[in-house]
Structures are given as C-alpha cells and as structure tokens.
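K.L.:
fold the following, please.
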Amino acid sequence: MLFYPLLFKPIFKERIWGGIKLKEVLNKSFYGSQIGESWELSTVENDISVVANGAFEGLNLNQLIEKYPTELLGVNSIQHFGNNFPLLFKFIDAKEDLSIQVHPNDALAKERHNSFGKTEIWFVMQADDNARLVVGFKDKTNKKEYQEHLENKTLISVLNETPVKAGDAFFLETGTVHAIGAGVLIAEIQQTSDITYRLYDWDRVDANGVGRELHTDLALDAINFEPTNTKLDYEVVKNKSVNLVECSFFKTNILQISDIYNWKKTKESFTVLMCTEGSFTINMLHFKAEFKKGDTILIPAIIDSFEIIGEATLLEITI
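P.N.:
Numbering: from 1, shown residues only. Model prediction:
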C-alpha cells in the first residue's frame, strides 16, 4: 500500500456564539450563519473524520487505524495511547464570547466520563480590533472566593483578559479557567476529548429564552486556582521548525515555508500539518497535491520525507 498525506472532510458544528469566518477567511463550504467549529481531524464518538482525498477516500480514521495502526500512528503514539488517535484538531470562530469554562485532567475525566482530559493549545489566526482571550486567574484564589464571584456574577473581574493578535499562541493545561473572546479565529490542538465544564455563559439564552447548561458543581474539583502563564514566546525562522510547546500529549512546532523546504522526520509518530497562512504543494514519489490556508493534513508515520514548495505558515504536531 502506498501511503500519502491525508485530507479529511470537515465536521461543522453550529454554536450559539459562532459566525461565518470559517467560510470567509478559511474558505470552508457550509450552510448557516452560526458555525463555530470545524472539526478537522477527530475520532470523538459520532464525529469520526472521513478521508476526502486519494485511494483511502470514504474510509474513516478509525477504519484506517484498524487496518494500518503502526503505519498510520507510529510506535510512539501506540506506546502511549494504544490504537486510539489521541488528538482532536479544530478551527474555531468566535463571533461572540464563548462561555467561561474549564476542562478536567486525565484522572478526573477517566473517573467521571471514561474519557481523556483536555490539554490544549490555541493559535490565533485572526483577531478583530480589541479582541481578547480569558485565560486563568489574575491572582491566587480558592473555592470559597471563586464561588462568591460566581454567585455575584463578578467572576470575570478575577480572571485574566488578554488582548490578542494574529500569531499569538497559548498553552492551556487542564484546570485552567478560560474563554475565547468575540472576534477571534483560532486553530486548536487538544487531546481527544469533548468534556467541558461550563462555569458562566454571560446570562445568554437561546431563541426560546433558555440558557445553556452549567456544570458548576463538577467544575469545582477540576479548577486550578493558581495563576498560570499560558502565552507562548517564540520567534519564527524561515524554513526552520520552531518549537512552541512540548508536553506529555503532543509536541507543536511552527514552520514558515519560503520557496522550497525538504521536510524530514522519523517514522516513530504521525504528524499533522495545519496551514494557518498561505498555500503550498507537497511533492513526493507517487504523490503531488496543493494545500491552502485552512487545510489540516495527516502525514502517516510511515512517511518520513517529502518536498514542500510554496509560501505558507504551518503548525506541525507530533506525539
């Protein structure tokens, strides 16, 4: 079997806070005006990505892993996560503020939901004027003070509101209270999990006057009440892979391609490339294809080299 870079059909999610930037900025094709998320690569139950290109077109990711686990995932991923695809990749368009929320760690998520936790990284692709993210507490607090602020609807007063621009990156460990602010378009890399505890939703209601469910009791044991430093410092170097963050669940680099780049890796892990700017061609034996801003490409572990031609910025994710 000749393996090749895999593109998948996006899974679109309508959200009360969503907009149309995924269509306007990333050229995604969908109906509706409140599409908040494009799940690019997923094995979350009932949301399993389907291949959109080449010989494997029409097969879903789990079917591919079942047939070719080592060739697709690599020994590193299998050693740590078995034959499960360990990550979920999204583009998120926040036309309005998302809820203030938190994600449980692996132990809590396993105990309560038989799921992974949700450590994640945000990469800002576009931000309107005065856009911001909410990330962590300003100062150390505790459950009692937090609950008082929650009851008084003053929680935002003790949280960090951070202005953002395109290119900013943030690493959010589990337990970090957070929210994506209105006007922000981000690429998100996270553990394979759909477990979110919603703390406060700005008193927002739907067309029927009903607010979304809150999970304030579940969240209490999940929250890190210490202030955290989430913003990542880095400098882009043309045609060099620059590390953004490395943790137990993934390693994320940023790679700015200019003209021609000879891409190489070991065969120990799959790699995912998320194109955040520009366009490029992957050229390898038996395969040549063009990709653009908004594409998310899974490189099977068995592929260890190819040529990239173009002008583009890529997030490069491995295990």
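K.L.:
spatially nearest residue to Y4, not counting backbone neighbours?
P.N.:
F287 (4.4 Å; CB to CB, 6 or more residues apart in numbering). C-betas here are computed from N, CA, C, even on glycine.
K.L.:
what sits against that neighbour?
P.N.:
Counting by CB atoms under 8 Å, 6 or more residues apart in numbering, F287 makes contact with L2, Y4, P5, G54, F306.
K.L.:
pull the most distant pair out of these.
P.N.:
Pairwise distances across the contacts of F287 (CB to CB) peak at 14.2 Å, for the pair G54 and F306.
K.L.:
so those two - more neighbours on which side?
P.N.:
Neighbours of G54 and F306, each counted by other CB atoms under 10 Å, are more numerous for F306; the result is 20 against 14.
K.L.:
if I look at the more buried one, how far off is F287?
P.N.:
8 Å (CB to CB, to the nearest Å).
K.L.:
S33 too?
P.N.:
As judged by CB to CB, S33 and F287 stand 37 Å apart.
K.L.:
just F89 next, same as before
P.N.:
Taking CB to CB, one finds F89 at 21 Å from F287.
K.L.:
in stretch 126-136, what counts as buried?
P.N.:
Within stretch 126-136, the residues that count as buried by 16 or more other CB atoms under 10 Å are Q126, A127, A131, R132, L133, V134, V135, G136.
K.L.:
correct me if wrong: the fifth one contacts L159.
P.N.:
No: the pair L133 / L159 is not scored as a contact, 10.2 Å apart, by CB atoms under 8 Å.
K.L.:
now the strands for the stretch 51-200 of the chain?
P.N.:
Under the criterion DSSP state E, counting those that start in this stretch, strands of the stretch 51-200 of the chain are mapped to 87-94, 100-102, 120-127, 132-137, 159-163, 169-172, 178-180, 184-191, 197-200.
K.L.:
could the ones you listed go into TSV alongside mean pLDDT?
P.N.:
Compiled in TSV, the strands of the stretch 51-200 of the chain are given as follows (pLDDT from 0 to 100):
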stretch	mean pLDDT
strand 87-94	98
strand 100-102	97
strand 120-127	98
strand 132-137	97
strand 159-163	97
strand 169-172	98
strand 178-180	98
strand 184-191	98
strand 197-200	97
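K.L.:
among the ones you listed, which is nearest K293?
P.N.:
strand 120-127 (8.3 Å).
K.L.:
which helices and strands sit right next to that closest one?
P.N.:
Secondary-structure packing of strand 120-127 (3 or more CB pairs under 8 Å, 6 or more residues apart in numbering; DSSP states H and E): strand 169-172, strand 184-191, strand 241-246, strand 271-284.
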